[in-house]
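J.: Quick one, structure for this:
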Amino acid sequence: MFLARLLPLAALVTALATAACAQETPEVMLELDTGGHRSAIRDLSADATGRFVASASADKTVRVWDLSGAAPPVVLRGYAGPGNDGAVNAVALSPDGRYAAAAGYFGPHLSVGEPFGDVRIFDTRTREVVRVLTGHRYVVDDLAYAPETDELAVAGQGGVVLRWRAPFTDTPEPLAPLDSLASRVLRLAYAAGGTRLLAATTDYGLRMFDAVSGAEIEPPEGEPLWDIMVTGLAVSPDGTRFALSGSDGRVEIRESLGGAVLARLPDRPFRADALAFTAEGQVVVGCAYRCAGVHEAEVWQPGAAAPEAFYAAHDGVVTAALALPGGGILTAGGRNPALHLWRPGAQTASRVFSGAGAPVTAAGIAPDAAWIAWGRADPCPQRPVCPEVLAPLTARMDLPSGLQGFGPPGPGDSTGAVRAALAAEGLRLDVTTAPGGGFEGDTLTVTGPGGGASLRRGGTDGYYHSAATLAAGEVISGGGNGQLLAYTPDGAFAGEFKGHTGDILALAAAEAAGRLLSASADQTMILWNLATRAEIARFFISDGDWIVWTPQGYFHTSPDGDRMVGWRVNRGRNDAARYIRASELKRHLHSPEIVRRAILTGDPGQAALDLRGTDAELDELLTRAPPDFDLRLAEEIDAPDGAAVLEITGADLEEVEAWGYSILVNDRRVPPLPYPDPTGQGRKLYQVPLSPGENAIRVTGEDDYGYVTERSAIALSSRVQRAPEKQGKLYVAVIGVADYPDLPDACNGGPCDLAYPVDDAVQILATLAETTGQLHTGIETLVMLSPGRLSASDRLTQRLSVVAPADAVLPPEGRLVEDELVDFLAKPGPEDTTFVFVAGHGLNIDEDYYLLPADAEQRGGEWRTRSLFDWQILQEELGYALGRRILLIDTCHAAGAFNARLEKDAADARIVVFSATAANNTAAERRDLGHGIFTYALLEGLRGKAAREGEGVRLLGLADYVYREVMRLSDSRQEPFYSLLETSNFLLAQP
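T.: Take a look at the predicted model:
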């Protein structure tokens, strides 16, 4: 059936795509991928079973969804450029789901050249473009496919309907054109078993064609439709009837062969662009325009006086609707575009398909730009734009300022925030609608001394004024499609802020600091240099995930935030684009320090030059492709009890051997154990152990260039959780550095010696041996302590002797620490648990973090980095260690010792982290406790105060206890940091 003759081309396309990867100067565009669409969903199409649905969006992607929820969507990306270039308006999915035809605005933005209407055919398995159908010159608004005749039709601007019949030659067949090139065909559909082709137009009403002969059929009662736009079209499942809707609110049901009117619904008070016809004969009518703040899909019986059901769970207009074979209805829409699967009469969806994030509608900034604030509420649900109404600020994030670093985003006090100013120094801004204007809010008037202008927007500069402010003597206005422009008070164009891709929804300027903050429907905020109009940094924040990045690609992020941002790398207009996530380049681009300097100085390019010597590293990285493979659970293979079998596909054996794979099951690193292929086909199968319940499996491949590719799967194990058994061995390494003989005046003009690191390390080791050791089959230790402190304390010597003999204690000197840790962390197996505890001074130098060992030195006031211990070594070796890994850090006794890059790396490796401090505070020691506050709380929790009765100490219980105790003992001046991603609440200690 559909495009089956194109299959032999797939191998050729793949070979050409591989060659295209070698281009020297990649053409790239930044793109969020939050798991769902980020702009209006224009069209829906299902396979024959109704399990797989393709959605086309103005965000320049097609997503193929498995409605069962068994797999994430397949994302199809073609060539895309600035502005409208690449926006997808229409999609048609083959009956078997193997191919998707996509079309839309496929030409340069605002170009007067042609063509725009090429149709890209994607293979949904490989995500490659296997064929391009050419012939339609103008922008495509809709596609239609007839499975009965294996025929594809396309139409849009220019009033021309083209169709390709099997075997899909390069010459399409045109049907009778409309009389004017200004006319548009908004909707196409086949009916009556593929013998009729229907077209809904902007100014020629309904057009019908005999699909066999190509002759036009004049429908009865067609003349009333000539004076309106026919905006919606849907065909009944049996093909005998169709529904159409118009811009005047009409909805009609007609007979498919001749077009006779069978029934009319009462005129709707809105424009119903989204229509669907259920198998039971009901018509779904979705509100797409003039909804007056009520966004509903109505369910009608033809001929009824009122709808029999409503579905109102979308938070915005309904842009597309589709009835599925099993009786379900799929509607698309909302402020944060989503697909809702529901049944007539239901008030809620059985499943919602969407991504993280939402439009940012409110913006505020501190007068000194020390923090930003934002909100997401719709300030005027019943109006398209309202720049004079400011949505509330509900969250904030501290930015680098002076000695302060980044703070985590979240709810916070935004009192004193600077907001958009529509009046200042005698000037006033008002947004109105011009008579006969196509969009509300298309005119901005400037009045007052030195001002006087009427700024009207149109199709080339954003259509309307959705946000505005007076700042730095200029009028700054935001509109549609990311247009953010500056004018002088007398209306002269002054410049442009280029960066957003969605409507600008809010502005705030900190004039004294020279910063502008903008918020957009594209779900991001941008911090601008007000003087140069250059982008400094961009923010995406969604619940617990967030990322801040510069135009040069360097970023600061939460553990999983970098999986939501990437770059579309174009490989030519007729090829699929590559998409490279920021997480795949984290070894190169994860640099909180560059982002910090960019925000402090307002010059991200110079920040990159200062630390990396180049501001073009991203371009160099994107010329290569990261490792490419896919992951699936081989559920058809009977795996051993308590295990799963994974299959790695898409990579040849040589690549597998070159990269190697790191496999994480929840928070345990396990070796990739080959599993014999029962089919004898040489498939790459691996066996991994499972824990009872849900298991998050993540396979990571890293090549020689440091490119990282990750694939994930979820496996369920029905094994029953039994009483705890002793499993594996316990490995504990403790490092306590208290004495720094070579640093007599390096810490604020005085010695760097600390009071309690040796006490901390000894007590942690002994306590773990007593409480956690009994849960394991044995214990091995590595002990590195300042020798003078240990020999001077009989108490500590006796406490330590229970676990490790005195002659096994090593001095914490830099080279020795490195050598011993590397050897020690190579010992654990997949069933073992490893603790590493470090207490002492930590130090940031540019982007890197170091532990100050006992032999640390300075020369001329500068640190000798060769005398320091590079923390990255510890982290990498701990990340490579098998089994469960737990890192306890009490190195933050000096201001500025928090290193966000390393904290994120630990989280990515699913290392459980307990750290003494988070950003912007330091750890304290208390003489009355005899320990650092953090270690004291940790010890007390392990010894039983974090235990639940009869259950022992579990991970989350210990984290909660330590957090509350540290905050209490420090009077809320010290806040510990944790990373507990994808880990179970396992039994940690048995007091």
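J.: Need the residues that contact the host helix or strand of Asp823.
T.: Element membership for Asp823, per DSSP states H and E: helix 814-825. Identification of contacts with helix 814-825 by CB atoms under 8 Å, 6 or more residues apart in numbering yields 731, 733, 735, 780, 782, 784, 810, 834, 836, 851, 853, 855-856, 866-870, 873-874, 877-878, 880-881. To be clear about C-beta, it is placed using only N, CA and C from the backbone, and glycine gets the same treatment.
J.: Okay, the most far-flung residue of the chain relative to its centre and Leu244: tell me how far apart.
T.: Centroid-distance maximum for the chain: Asp794 at 55.1 Å, with CA atoms, centre = their mean. Distance, Asp794 to Leu244, by CB to CB, to the nearest Å: 93 Å.
J.: cool, Asp908 as well?
T.: Relative to Leu244, and taking CB to CB, Asp908 is found at 53 Å.
J.: More neighbours: which of these two?
T.: Between Asp908 and Leu244, counting by other CB atoms under 10 Å, Leu244 is the more crowded of the two (26 against 23).
J.: how about the more buried one, phi and psi?
T.: As for Leu244, its main-chain torsions (degrees, to the nearest 10) stand at phi -130, psi 160.
J.: so it touches Glu252, yeah?
T.: Yes: in this structure Leu244 lies within contact range of Glu252 using CB atoms under 8 Å: 5.5 Å.
J.: Apart from its chain neighbours, what residue comes closest to the residue nearest in space to the middle of the chain?
T.: The centroid of the chain falls nearest to Met564 when counting by CA atoms, centre = their mean (2.2 Å). Spatially, and ignoring its direct neighbours in sequence, Met564 is nearest to Thr34 (5.1 Å; CB to CB, 6 or more residues apart in numbering).
J.: Quick check: that neighbour touching Arg563?
T.: No: using CB under 8 Å, Thr34 makes no contact with Arg563, being 9.5 Å away.
J.: higher neighbour count, those two?
T.: Relative neighbour count places Arg563 above the other of Thr34 and Arg563, with 22 against 19, counting by other CB under 10 Å.
J.: Which pLDDT value belongs to that one?
T.: What the model reports as pLDDT for Arg563 is 91.
J.: so who does it touch?
T.: Arg563 touches Arg581, Ala582, Ser583, Glu710, counting by CB under 8 Å, 6+ apart.
J.: Report the two of those residues separated the most.
T.: Ala582 and Glu710 (11.8 Å; CB to CB).
J.: Who has more neighbours out of these two?
T.: The neighbour comparison of Ala582 against Glu710 (other CB under 10 Å) goes to Ala582, with 23 against 19.
J.: my read: that one touches His556, true?
T.: No: with contact defined as CB under 8 Å, Ala582 does not reach His556; the gap is 10.9 Å.
J.: list the residues that contact both of the two?
T.: Ile547, Trp549, His590.
J.: Just the buried residues of those residues.
T.: Listed as buried from these are Ile547, Trp549, His590; burial here means 16 or more other CB atoms under 10 Å.
J.: Format the residues you listed as TSV; extra columns: distance to Tyr936, secondary structure and pLDDT.
T.: TSV is the format used below for those (distance: CB to CB, whole Å; DSSP: H, G, I helix; E, B strand; the rest coil; pLDDT from 0 to 100):
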residue	distance to Tyr936	secondary structure	pLDDT
Ile547	35	strand	95
Trp549	38	strand	96
His590	33	strand	92
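J.: about what we covered before: and the contacts of helix 814-825, which of them are in helices?
T.: Among those, the members found in helices (DSSP state H) are Ile873, Leu874, Glu877, Leu878, Tyr880.
J.: Tell me who's in contact with Pro671.
T.: Ile663, Pro830, Leu882.
J.: could you dump those to a markdown table with distance to Ala534?
T.: Rendered in a markdown table, the data for the contacts of Pro671 read as follows (distance: CB to CB, whole Å):
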| residue | distance to Ala534 |
| --- | --- |
| Ile663 | 43 |
| Pro830 | 50 |
| Leu882 | 47 |
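J.: From Leu393, how far off is Leu262?
T.: Distance of Leu262 to Leu393, computed by CB to CB: 53 Å.
J.: give me the number of residues near Gln687?
T.: A count of neighbours around Gln687, defined by other CB under 10 Å, yields 19.
J.: same deal with Gly69?
T.: 10.
J.: Same question for Glu940.
T.: Neighbours of Glu940 using other CB under 10 Å come to 17.
J.: Does it lie in a helix or a strand, and which?
T.: Taking DSSP H and E as the definition, one finds Glu940 inside helix 933-940.
J.: Could you do Trp528 as well?
T.: strand 524-529.
J.: Averaged pLDDT, the strand or helix carrying Leu186. What do you get?
T.: Assigned by DSSP H and E, Leu186 belongs to strand 185-191. Averaging pLDDT along strand 185-191 yields 96.
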